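>>> could you look at this predicted model? Sequence included:
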Amino acid sequence: MAVKEIFLLGNEKLYNVSEEIKQEELVEVEEVVKDLHDTLMNFRKEYGAGRAIAAPQIGYFKRLIYMNIDKEVVLINPKLEYVDDEMITVWDDCMCFPELLVKVKRFKRCVVYYKDLAWKDNLIELEGDISELIQHEYDHLDGILAVQKAIDDRSFSIKTKIIKNT
């Protein structure tokens, strides 16, 4: 259990596609979840932001997402399903590029099917910014970064510039 280095934009490893977790790997996964928690909390302390982190961001290339908003949620082998075609436009940020914002379109609603640490099947229905968040983290599992989903070539801003202009 430790704070891990978060790979930054430009690190080729961020484009790796993660593998599914097998049930016999749960002991290892529990340790990685502690690292994800510590790393997320450290990022929050340093940047005042951060609600979720995907395992590939710290070099663990398995399909694992850790979310900590009102409570901790561990999503093992998540699968996304989009409820409809309604989209939202958001300024997306990422721990891999903490000072950059990227304007992207995401689905407004989604359902996520996943296993928890007890290897039980779960599903959650998400909407709005939490739906966007899980789509962002899910993309990390497939080696996709928000910068690749920018609406156009003018969809980038330094974080402090957006905050000052709003």
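In hand now; what should we look at? What you see is a predicted model, and the numbers here were worked out from it, not measured in a lab. Numbers count the residues shown, from 1 in each chain.

>>> residue closest to the middle of this protein?
Most central in the chain under C-alpha atoms, centre = their mean is residue 137, positioned 2.2 Å from the mean C-alpha point.

>>> could I get the CA-only coordinates of the strand or helix carrying residue 74 as PDB?
Element membership for residue 74, per DSSP states H and E: strand 72-82. Extracted in PDB, the C-alpha atoms of strand 72-82 (Å, rounded to 0.1, in the frame of the first residue of the first chain):
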ATOM      1  CA  GLU A  72     -15.300   3.700  -2.300                       C
ATOM      2  CA  VAL A  73     -16.300   1.600  -5.300                       C
ATOM      3  CA  VAL A  74     -14.100  -1.000  -6.900                       C
ATOM      4  CA  LEU A  75     -15.000  -2.000 -10.400                       C
ATOM      5  CA  ILE A  76     -13.400  -5.200 -11.700                       C
ATOM      6  CA  ASN A  77     -13.700  -6.100 -15.400                       C
ATOM      7  CA  PRO A  78     -16.300  -3.300 -16.000                       C
ATOM      8  CA  LYS A  79     -18.400  -3.300 -19.100                       C
ATOM      9  CA  LEU A  80     -20.200  -0.200 -20.300                       C
ATOM     10  CA  GLU A  81     -23.600  -0.100 -21.900                       C
ATOM     11  CA  TYR A  82     -25.100   3.200 -23.200                       C
END
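
>>> now the element after the longest helix that the chain contains, going C-ward?
The helix that spans the most residues within the chain, counting by DSSP state H, is helix 26-47. Using DSSP H and E, the helix or strand that follows helix 26-47 towards the C-terminus is strand 52-54.

>>> partner strands of the next helix or strand after that following strand and their direction?
The C-terminal neighbour of strand 52-54 among helices and strands, as given by DSSP H and E, is strand 64-68. Counting by DSSP bridges, the strands paired with strand 64-68 are strand 52-54 (antiparallel), strand 72-82 (antiparallel).
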